[in-house]
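# Fold the following for me, if possible:
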Amino acid sequence: MNGGGGREDDQHLPDVSSASGSAAGAVGGRATPEMKRSAVRSLIKRYFHQLQSGCGNANCSNANCASSGKVAPMTPNEVAARALQLFSQDAQLCESFTSETSSPQDVDMLSPNDSSSSSSGSSTSTITSASTTTTTSRQSQSTPAAVVVPVSSPYLAQSVPQLDIAGAEHSSGDSEPCTPTLAPVHSLDANSLIALYEECRAADSYDRICHAIGVVFSSVDRLGKSFIRSAEPAASSSLQELLANSSGALNKEQLRTLEGEHDKDEDSTQQVDEESESLANATASAEVEEEDDDVYSSQSSDTLVDLPGLRRVQSLLFGCQIRAITEKLTSSVIQLSDWVIYMRTDWERVTHCLVICFDLATNTKNSVVDMDYLDRVLPKLCHAASAMPVPAQTRLARIWAAHCSDQLHSLIAACQQQITLQVLLDEESMRENETIISVTKVLKIVFYANILASELERPSCRVPLEDRAEAATASGSAVVEDDLFAYNSLLEPHMPKFAEDQFEKELQVSSIDCRKPLIPLEEFYNEALSENIQMHHDYLSYKTLAMESEIGSGHANYFSFMLYAFILTPSTKVDALYYDSRMRMYSERYSSLHSILNNMGQVGQEDTPRPDLKLTVRRDHLINDALIGLEMVAMSNPKDLKKQLVVEFVGEQGIDEGGVSKEFFQLIVEEIFNPAFGMFIQQEETNNMWFNATPFENGAQFTLIGIIIGLAIYNNVTLAVNFPMVVYRKLIGYRGTFADLSDWSPTLYKNLKSMLHYQGQDMEEVFEQTFKISYSDVFGDVVEHELLPNGQDVLVGQHNKELFVNLYSDFLLNTNIEQQFNAFRKGFEMVTDESPLKLLFRPEEIEMLVCGSREFDFVELENSTVYEGGYTENSQYIQDFWSIVHAMPSEDKHKLLEFTTGSARVPVGGLKCLRLLITRHGPDSDRLPTSHTCFNVLLLPEYSSREKLEERLMKAINYSKGFGML
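Residues are numbered from 1 along each chain as shown. Here you go, the predicted model:
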């Protein structure tokens, strides 16, 4: 089952099959859901009674049986939690114990979902006590008698030292041995807890506050009713006056007043057997249900948690340095988290509890007590939060975004520390580490909370499916005769069903809608995880999930960080993309080889497919040869584009192991993006390349350019392409908007922004701007365009200035180049449609993937370089080499990089990812240094002097062109 959308695996309960075996046999060997639920209920009840009353055997040695004398005193809620824990562990049950003789009325167990407890919205005392001590006995159902019960709560004791109420007599006589229990506390608020602390401090005994914390913070029901912010700033004035002026026992009239105030929120006369009700709730919540009946508004960002009061409590409890208090708080929150993990319950109330507990965990002052609580509690809280269904998780994200945005940075840091610690402790099995998995899932909630707390672009600039379909049809109808390719690109980014982001669907928001995140998205990267992840194993998990999703099988036992790409660094994501492309290349290669073997010796099989994508080009006809070759492949069989690219320059001996392809891409990009070619224009202000709205070529040529960009990504080659960011946003399905003009044309963006900020009523006279615009085409001619029908007659004023800016931006970035860009995107997706590109990368990361990193740090390259042939990093010759390199101007450094690797671009992750190899190539001679660009190898003779080394090196990097055999 899916657990309401939040669980990834079924909760397999122990002993269910064995306990219901006989019943199952009566139904064809298969237990019905009713039988399983009955077995679960029976087992939990047996464990509970065994802890509470024992088995009756005086010589019992079971440490989990009250008769053995080894069970420590526990509150009812602690007994219930322990019973559930024993059940999940399949612990020993005493054979002589028979639960059938136990009455439900014997149970003194308070469930986290105890509905008998009522809440109070006031800021006054909310702790209610029926008695100071409760025992489990059949005689406890005797007729109530009037007794005087001392009040154990100091914040009521200040005004109500004694209450004359009706209560049950304590049982006496021959009742069985039982675990002593303490008075239940139904809820807490900030004022009452602080008052209780002050009373305990004055008495120099903290038993009562520890008891109150233990009872409330270990119960979903009680904590769900606690720390409720008051609808009114102050409580009833009559109640305040009564509590302030009472110095002794209350008389009957004052007691009626107190009860009347309390009854505004709850009916104090209603008597419910808490014990049997709690056990019923506990066992019912443990049953595995297929449906989720939780009803709450996942769209709401409101919360009833009194966050200011809660933070005052946190400061007090952790600042007091009372170990017993923090230890009780820690153990209670851990117990509550275990309830949430194993029980299906009221998710709205769980959300309330998690808001409280996470806020306590993140409002730390980095003290020893704070960090101890954080280290022990945070993993458990993350386990609980990750067990919630997606609607509950998105509800938590909305609450954090609206009310706890100031704590998001602390929560991110705490989660990252937990992940890093677990990685260092367990590098080999990170994907099976439950703490890492659950904390990563919580980081996803925080990730979306961060997006919601940021400035979002509304409405979303994502192009709906139907709009893209209409646009493709409209733009394609006019040029259908020019569409030479059989490929029909999907209108949505290719994404396996299982990989669709449910958070994005539920929240209707994407990280791309967030221009300026509250917390930079780079802070979600975890370096330790990314460096030790062994991406090839994670990719296999991803493919296993994809395969099982296709056949409809469950995928509970697999986890892939590729589905949580926000936590991975770009260089690690590049590794995932590399493994994906290599797997597809190998698949196409094996398919071709199988076809060749099957057709071997047969007549008329000249067109047997090649195992690779081979392009044979001439340097002086590079564009024509490349585009014609790719056009033939794309027309005949587009799947061949996903084979490994092999480039051969006519008349050259170089064998392509990667280096020849790098130079091919570099040369072809230089020519394609040359303004003289007419397909792209260079914007003078930014030096960015943009689509020519009036090109010399048809749409098919733009498709071929898109294929080349896709092939570069597919073959792990960086390109010297300067597109504005809006191109990469459009490639993954978003329209360009006014905000994208900031790097497309900063001057135009500044002018339009000043128009939007102008508030004068004389706007028409000041700007004299109509809805008719003009721009220059590639030939320098002025072209006019009306943004609205009869736009030349419509002046821009205060009432329509936003419409003008939006229409103007949409025309420049979308409408004016729609045909060219659609063809370009089609070619790009012909290569990348099945890759996880859009799953892993954001637009700015795709730009880095295409163009490489902007960090040009040769110190990183020096630190990552390895040596062979007698050279070492401490050799004087190598130290001279690097001193020469570091003294080079930037242009020469680019040339050196191109000479040794085949590309002047820095790969994603920086130069440290290149792994340059410098090897000794003989003694002193007049030979120039050479390189194997396919493998990033520099062959360096050991010249006799530093001056000769510099002279030979500079000549090699300035006069190298083409490939030959050594």
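# What is the subsequent helix or strand relative to the helix ranked longest in the chain?
Ranked by number of residues, the top helix in the chain under DSSP state H is helix 570-599. As assigned by DSSP states H and E, the chain's next helix or strand after helix 570-599 is strand 613-617.
# Show me what the following helix or strand past that next one packs onto, helices and strands only.
Per DSSP H and E, the first helix or strand lying C-terminal to strand 613-617 is helix 622-636. Contact here means 3 or more C-beta pairs under 8 Å, 6 or more residues apart in numbering; DSSP states H and E; on that basis helix 622-636 packs against strand 613-617, helix 659-672, helix 699-714. Using the backbone N, CA and C atoms, a C-beta is placed for each residue, glycine as well.
# Please enumerate residues in contact with the helix or strand following helix 622-636?
Helices and strands here follow DSSP H and E; after helix 622-636, the next one along the chain is strand 645-649. For strand 645-649, the surrounding residues in contact (C-beta atoms under 8 Å, 6 or more residues apart in numbering) are 612-619, 656, 660-661, 664, 711, 714-715, 962-963.
# cool, stretch 735-751 as well?
Residues outside stretch 735-751 that contact it (C-beta under 8 Å, 6+ apart): 457, 461-463, 515, 683, 685-686, 688, 690, 724-726, 729-730, 752, 805-806, 809-810, 812-814.
# ok, back up a step: derive a ChimeraX selection command for the buried subset of the contacts of strand 645-649.
Only the buried members of the contacts of strand 645-649 end up in this ChimeraX selection, burial being decided by 16 or more other C-beta atoms under 10 Å:
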select :612,613,614,615,617,656,660,661,664,711,714,715,963
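# thinking residue 399 is in contact with residue 301, fair?
Yes: contact criterion C-beta atoms under 8 Å: residue 399 and residue 301 qualify, at 5.9 Å.
# Same drill for those two, tell me which one is more crowded.
Neighbour tally, residue 399 and residue 301, criterion other C-beta atoms under 10 Å: the higher count belongs to residue 399, 23 against 15.
# name the element the more buried one belongs to?
Residue 399 is located in helix 390-403, with elements delineated by DSSP H and E.
# and that helix, average pLDDT?
Summarised as a single mean, pLDDT over helix 390-403 is 93.
# again, but for stretch 572-591
Averaging pLDDT along stretch 572-591 yields 87.
# Outside of it itself, which residues are in contact with it?
Stretch 572-591 is contacted from outside by 530-531, 533, 535-536, 538-539, 542-543, 562, 565, 568, 611-612, 639-640, 642-644, 713-716, 834-837, 840-841, 845, 849, 907-909, using C-beta under 8 Å, 6+ apart.
# List the buried residues of it.
Going by 16+ other C-beta under 10 Å, stretch 572-591 has these buried residues: 572-582, 584-585, 588.
# cool, stretch 751-759 as well?
Buried positions in stretch 751-759, judged by neighbour count with 16+ other C-beta under 10 Å: 752, 755.
# shaky segments in the stretch 651-800 of the chain?
By pLDDT under 70, the weakly predicted segments of the stretch 651-800 of the chain are 653-658, 696-697.
# Please name the residues that touch residue 948.
Going by C-beta under 8 Å, 6+ apart, residue 948 touches residue 924.
# coming back round to it: quick one: which of the helices and strands packed on helix 622-636 is nearest residue 551?
Closest to residue 551 of the helices and strands packed on helix 622-636, according to C-beta to C-beta: helix 699-714, at 27.1 Å.
# how big is the angle separating that closest one from helix 622-636?
Per axes from the mean of the first three to the mean of the last three C-alpha atoms, to 10 degrees, the angle that helix 699-714 makes with helix 622-636 is 90 degrees.
# thinking again about what came up before, with distance to residue 437 as extra columns, can I get the buried residues of stretch 572-591 in a markdown table?
Shown next, in a markdown table, are those (distance: C-beta to C-beta, whole Å):
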| residue | distance to residue 437 |
| --- | --- |
| 572 | 17 |
| 573 | 19 |
| 574 | 23 |
| 575 | 20 |
| 576 | 18 |
| 577 | 23 |
| 578 | 24 |
| 579 | 21 |
| 580 | 22 |
| 581 | 27 |
| 582 | 27 |
| 584 | 28 |
| 585 | 31 |
| 588 | 34 |
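# Nearest to residue 405 among the residues you listed?
residue 573 (27.4 Å).
# Distance of that closest one relative to residue 874?
Residue 573 is 35 Å from residue 874, where distance means C-beta to C-beta, to the nearest Å.
# any idea which element residue 335 lies in?
Here residue 335 is assigned to helix 323-342, by DSSP H and E.
# wait, isn't residue 47 in contact with residue 90?
No: with contacts counted by C-beta under 8 Å, residue 47 stays clear of residue 90, the gap being 10.4 Å.
# out of those two, which sits in the more crowded spot?
Using other C-beta under 10 Å as the criterion, residue 47 and residue 90 rank with residue 47 on top: 26 against 12.
# helices and strands around the helix or strand hosting the more buried one, which ones?
For residue 47, the host element (DSSP H and E) is helix 33-52. Packing partners of helix 33-52 (3+ C-beta pairs under 8 Å, 6+ apart): helix 16-19, helix 21-25, helix 76-89, helix 274-286.
# Show me what the mean pLDDT comes to for that helix.
Across helix 33-52, pLDDT averages out at 74.
# So what does residue 514 have for phi and psi?
Note on residue 514: its backbone torsions stand at phi -100, psi 100 [degrees, to the nearest 10].
# Name whatever forms a beta bridge with it.
For residue 514, the beta-bridge partners are residue 456 (DSSP bridges).
# just to revisit the earlier point, list the buried residues in the helix holding residue 399.
Neighbour-count burial for helix 390-403 [16+ other C-beta under 10 Å]: 390-401, 403.
# which residues are in contact with it?
With C-beta under 8 Å, 6+ apart as the test, helix 390-403 has contacts from 4-6, 294, 296-303, 305, 307, 347-348, 350-351, 354-355, 385, 388, 407-408, 411, 445-446, 448-453, 502-503, 506-507.
# Give me the buried entries from those.
For those, buried by 16+ other C-beta under 10 Å: 4, 6, 294, 298, 303, 305, 307, 347-348, 350-351, 354-355, 385, 388, 407-408, 411, 445-446, 448-453, 503, 506-507.
# Can you list which of the residues you listed are found in helices?
Assigned to helices by DSSP H, the following of those qualify: 307, 347-348, 350-351, 354-355, 385, 408, 411, 445-446, 448-452, 503, 506-507.
# Spit out the contact partners of residue 64.
Counting by C-beta under 8 Å, 6+ apart, residue 64 touches 47, 50-51, 70-71, 82, 86, 91-92.
# what's the closest non-adjacent residue to residue 496?
Among residues not flanking residue 496 along the chain, residue 546 sits closest, at 4.9 Å (C-beta to C-beta, 6 or more residues apart in numbering).
# hang on, that neighbour in a helix?
Yes: Residue 546 sits within a helix when classified using DSSP: H, G, I helix; E, B strand; the rest coil.
# doesn't residue 499 make contact with it?
Yes: counting by C-beta under 8 Å, residue 546 does reach residue 499; the two are 7.5 Å apart.
# quick one, domains of this protein?
Domains of the chain are assigned by the TED database as 47-88, 307-318+344-569, 852-958.
# what's the straight distance from one end of the first one to the other?
Same thing as domain 47-88. Chord length of domain 47-88, first to last residue, is 11 Å (C-alpha to C-alpha, to the nearest Å).
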